[in-house]
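**Student:** predicted model and sequence below, questions to follow.
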Amino acid sequence: METQIAALRVGEITHNHFLPETRWAEILAGRQIGAAFVTRDPRDALLSMLNYARAQNLPAHVSDMLVDLSDEDALLFLLDGAGRLIPFADYYDAYYGWLSMPGVEVFRFEDIVGPRGGGDNQRQLDACVALAKLAGIEANDARFEIAWRNVFNPSAGTFFRGQVGEWRKRFTSRVLREFDRKAGWLPERWGYST
């Protein structure tokens with residue numbers, strides 16, 4: 001991460017899945033680089049994990065384990081880990097420290113995705129203004145308008161459907177039951193309704 005931070009210039013953004021460590025926030029603050037953490041409803045995050053592994057074949061070791069499984073069985077496998085992966089609840093909750101990390105702004109995917117993803121236009125605008133400010137870009141900057149209009153980007157590598165609450169359509173009763181049993185505490189802990 002230090003190499004990536006050192007290479008950043010004003011107005012640039014990078015994204016990664018770094019576990020919360022105070023030293024990352026301190027390095028960013030020392031370089032006067034804004035830090036943002038984007039969270040998502042854990043149920044949609046589980047579904048996104050499956051979709052990403054299938055669409056991008058990444059990470060390869062996870063993708064290989066899912067190739068012969070139905071969506072239902074793959075979601076159940078990700079939830080449990082079957083002794084081969086970290087169970088989803090442990091993986092997801094490992095990032096919880098970012099929510100209270102000094103100097104880190106927390107955003108919700110559900111606010112950023114906007115109306116095309118089932119969110120709200122004003123909440124998207126507010127989130128994008130705050131994100132742009134972290135990158136040193138003002139809302140009246142032409143770059144902001146371009147970025148805001150392209151936030152919902154189906155061609156992005158990590159993008160699948162980008163829909164808020166997609167889990168309600170895709171979780172079978174079995175997946176929902178197992179999610180509640182193995183990770184049902186996550187939505188409330190992370191500020192999402194159950």
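**Tutor:** Okay, I see it.
**Student:** what sits against Pro20?
**Tutor:** Going by C-beta atoms under 8 Å, 6 or more residues apart in numbering, Pro20 touches 95-98, 101. Placement of C-beta: from N, CA and C, glycine included.
**Student:** same check, this time on Ala183
**Tutor:** Counting by C-beta under 8 Å, 6+ apart, Ala183 has contacts 42, 46, 79, 87-89, 92.
**Student:** okay, these in JSON lines with pLDDT next?
**Tutor:** Listed next are the contacts of Ala183 as JSON lines, based on pLDDT from 0 to 100:
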{"residue": "Pro42", "pLDDT": "97"}
{"residue": "Leu46", "pLDDT": "96"}
{"residue": "Leu79", "pLDDT": "98"}
{"residue": "Pro87", "pLDDT": "98"}
{"residue": "Phe88", "pLDDT": "98"}
{"residue": "Ala89", "pLDDT": "98"}
{"residue": "Tyr92", "pLDDT": "97"}
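**Student:** tell me which two of those residues sit farthest apart.
**Tutor:** By the measure C-beta to C-beta, Pro42 and Pro87 form the most distant pair in the contacts of Ala183, at 12.2 Å.
**Student:** higher neighbour count, the two?
**Tutor:** Each of Pro42 and Pro87 has its neighbours counted (other C-beta atoms under 10 Å); Pro42 has more, 22 against 16.
**Student:** Ile112 and Leu28, how far apart?
**Tutor:** 20 Å (C-beta to C-beta, to the nearest Å).
**Student:** so those two - more neighbours on which side?
**Tutor:** Remark: of Ile112 and Leu28, Ile112 carries more neighbours, 22 against 18, as counted by other C-beta under 10 Å.
**Student:** pretty sure the more buried one is touching Gln124, no?
**Tutor:** Yes: between Ile112 and Gln124 there is a contact under C-beta atoms under 8 Å: 6.2 Å.
**Student:** between these two, what contacts are shared?
**Tutor:** Going by C-beta under 8 Å, 6+ apart, residues that sit against Ile112 and also against Gln124 are Val151.
**Student:** can you give me the helices for this structure?
**Tutor:** Per DSSP state H, the chain carries helices over the ranges 2-7, 22-30, 42-56, 60-66, 71-80, 88-93, 109-112, 121-134, 142-149, 167-170, 173-183, 186-189.
**Student:** dump these into JSON lines; add distance to His15 as well.
**Tutor:** As requested, the helices of the chain are exported to JSON lines (distance: least, C-beta to C-beta, whole Å):
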{"stretch": "helix 2-7", "distance to His15": "10"}
{"stretch": "helix 22-30", "distance to His15": "13"}
{"stretch": "helix 42-56", "distance to His15": "13"}
{"stretch": "helix 60-66", "distance to His15": "19"}
{"stretch": "helix 71-80", "distance to His15": "21"}
{"stretch": "helix 88-93", "distance to His15": "17"}
{"stretch": "helix 109-112", "distance to His15": "12"}
{"stretch": "helix 121-134", "distance to His15": "11"}
{"stretch": "helix 142-149", "distance to His15": "14"}
{"stretch": "helix 167-170", "distance to His15": "22"}
{"stretch": "helix 173-183", "distance to His15": "24"}
{"stretch": "helix 186-189", "distance to His15": "22"}
